[in-house]
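Colleague: Provide a 3D model corresponding to the input given below.
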Amino acid sequence: MLFYFLLIMTAGYISIILWITLGLFRIPKAESPKQPFISVIVAARNEQDNIVALLQSLTEQNYPKEKYEIIIINDGSTDRTADYIQSFQNEYPDSKITQLFTENRETIISPKKNAITMGIEHARGELILLTDADCFPPEGWIQGLVKRFTPETGMVIGFSPYELPSIDTIPAKFLALDALSLAAIAAGTSGWGFPATCNGRNLAYRKSVFKEVGGFEKIKQFASGDDDLFLKLVLNNTDWKIRYAYDADLEVPTVMLSNISQFFHQRMRHASKGLHYEPVKIMILVLVYLFNLFLLITLLGLLFGIVNSTLFLLFAKFMADFLLLAVFAGKMKKWHYLTIFPLASIVHLFYVVIFGALGQLKWFKWK
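Modeller: Numbers count the residues shown, from 1 in each chain. Reported below is the predicted structural model:
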């Protein structure tokens with residue numbers, strides 16, 4: 001009985017992965033010739049090691065200088081972030097950089113949503129482009145995202161790989177592949193018009209869309225979610241199309257997490273939102289969780305010398321996952337990420353089961 005149950009779940013899982021993979025070939029290629037005024041918004045806290053490089057990358061964009069502004073929201077930094085921003089402003093007075101300061105950060109449930117809201121309230125741009133202070137957008141980033149805003153498009157999401165300063169250790173390779181897999185899911189589901197997730201390190205939407213859904217008001221009770229929960233608001237409450245920036249030249253690389261504690265708390269934050277999505281998505285997440293749990297039990301049985309007839313189901317899952325990642329990695333020029341795939345596929349079973357369960361306990365903290 002258990003075998004047939006797993007067989008059905010495997011077939012369902014593979015069908016979903018194939019559906020997502022096909023979605024990668026459905027991402028629209030249409031572009032808009034318009035060049036509206038835009039606002040780049042960055043929430044920064046204790047980023048003295050990264051802020052100058054970020055500002056340098058943003059001021060060197062190939063988008064017309066007179067058509068964009070940069071707004072940095074200093075979210076209670078206790079290091080020299082503010083000083084470095086001021087020094088950069090003094091050195092480049094024509095860069096249109098504005099530094100804002102949040103207040104009472106410790107009394108706010110979601111400091112980042114609060115900071116972004118402040119930035120948008122001060123923004124003059126028709127389009128809002130978001131990234132983080134430890135990210136370094138390429139020079140064509142603004143231009144490329146703006147082109148994706150065809151008349152029916154209200155939101156554009158993109159890829160932000162973990163690869164700085166380099167991917168030369170096993171943990172770094174795992175983290176890079178994990179980010180690649182989430183991006184592949186986001187891109188593939190976007191191709192069908194139902195993006196499953198997005199990342200605030202490379203995200204853009206119309207200012208009018210933010211106003212239309214009431215900003216973050218409906219999700220203010222969650223510590224995180226300024227990206228994927230906001231995506232859900234736009235998807236469920238507006239008629240705007242959401243596009244994926246399916247172009248390797250538009251990725252926004254970010255700095256690797258510096259230690260295991262950062263990784264733990266970040267993944268706990270991500271997993272904590274699992275039961276707050278719409279019912280269909282929750283059902284899929286629960287089924288995927290149970291599927292991974294049963295496959296993990298199968299794997300552990302093999303390690304203890306118990307030959308299980310469901311072992312080929314584990315192999316079938318791995319092959320479906322590899323197909324999705326290979327298609328996306330090929331387009332985004334990230335083939336080297338897949339070198340660790342065999343080992344990562346096994347570790348991922350533990351990852352899903354452990355963080356899927358612990359995330360509901362909400363044991364996490366922000367920087």
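Colleague: tell me where the model's unsure across this protein.
Modeller: Judged by pLDDT under 70, the chain has its weakly predicted residues at 1-3, 258-278, 280-281, 299, 301-310, 356-367.
Colleague: where do the helices sit along it?
Modeller: According to DSSP state H, the chain carries its helices in the segments 2-23, 51-59, 81-91, 111-122, 141-147, 170-191, 207-212, 228-237, 260-271, 279-303, 311-331, 341-358.
Colleague: what's the closest of these to Lys220?
Modeller: For the helices of the chain, distance to Lys220 was read as Cβ to Cβ. The smallest value, 6.6 Å, belongs to helix 111-122. The way it works is simple: take the backbone N, C-alpha and C, and place the C-beta from them, glycine included.
Colleague: just checking, what packs against the closest one?
Modeller: Helices and strands touching helix 111-122, by 3 or more Cβ pairs under 8 Å, 6 or more residues apart in numbering; DSSP states H and E, are strand 38-44, strand 68-74, strand 97-101.
Colleague: hmm, try it at 10 Å
Modeller: The contact analysis (3 or more Cβ pairs under 10 Å, 6 or more residues apart in numbering; DSSP states H and E) places helix 111-122 against strand 38-44, strand 68-74, strand 97-101, strand 127-132, helix 207-212, helix 228-237.
Colleague: what comes up buried for it?
Modeller: Buried residues in helix 111-122, counted by 16 or more other Cβ atoms under 10 Å: Pro111, Lys112, Lys113, Asn114, Ala115, Ile116, Thr117, Met118, Gly119, Ile120.
Colleague: picking that back up, now the helices of the chain in JSON lines, with distance to Pro33?
Modeller: Compiled in JSON lines, the helices of the chain are given as follows (distance: least, Cβ to Cβ, whole Å):
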{"stretch": "helix 2-23", "distance to Pro33": "26"}
{"stretch": "helix 51-59", "distance to Pro33": "23"}
{"stretch": "helix 81-91", "distance to Pro33": "32"}
{"stretch": "helix 111-122", "distance to Pro33": "25"}
{"stretch": "helix 141-147", "distance to Pro33": "8"}
{"stretch": "helix 170-191", "distance to Pro33": "22"}
{"stretch": "helix 207-212", "distance to Pro33": "20"}
{"stretch": "helix 228-237", "distance to Pro33": "24"}
{"stretch": "helix 260-271", "distance to Pro33": "37"}
{"stretch": "helix 279-303", "distance to Pro33": "36"}
{"stretch": "helix 311-331", "distance to Pro33": "24"}
{"stretch": "helix 341-358", "distance to Pro33": "40"}
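Colleague: wait, which of the ones you listed is closest to Leu250?
Modeller: Comparison of these against Leu250 by Cβ to Cβ identifies helix 141-147 as nearest, at 4.3 Å.
Colleague: returning to that earlier point: so which of the helices of the chain gets nearest Thr102?
Modeller: With distances scored as Cβ to Cβ, the stretch of the helices of the chain nearest to Thr102 is helix 111-122 (5.4 Å).
Colleague: and the angle for that closest one with strand 38-44?
Modeller: Computed with axes from the mean of the first three to the mean of the last three Cα atoms, to 10 degrees, the direction of helix 111-122 lies at 150 degrees from that of strand 38-44.
Colleague: hang on, the earlier thing: Lys218 is nearest to which of the helices and strands packed on helix 111-122?
Modeller: Distances from Lys218 to each of the helices and strands packed on helix 111-122 were compared using Cβ to Cβ; the minimum, 6.2 Å, belongs to helix 228-237.
Colleague: lovely, talk soon.
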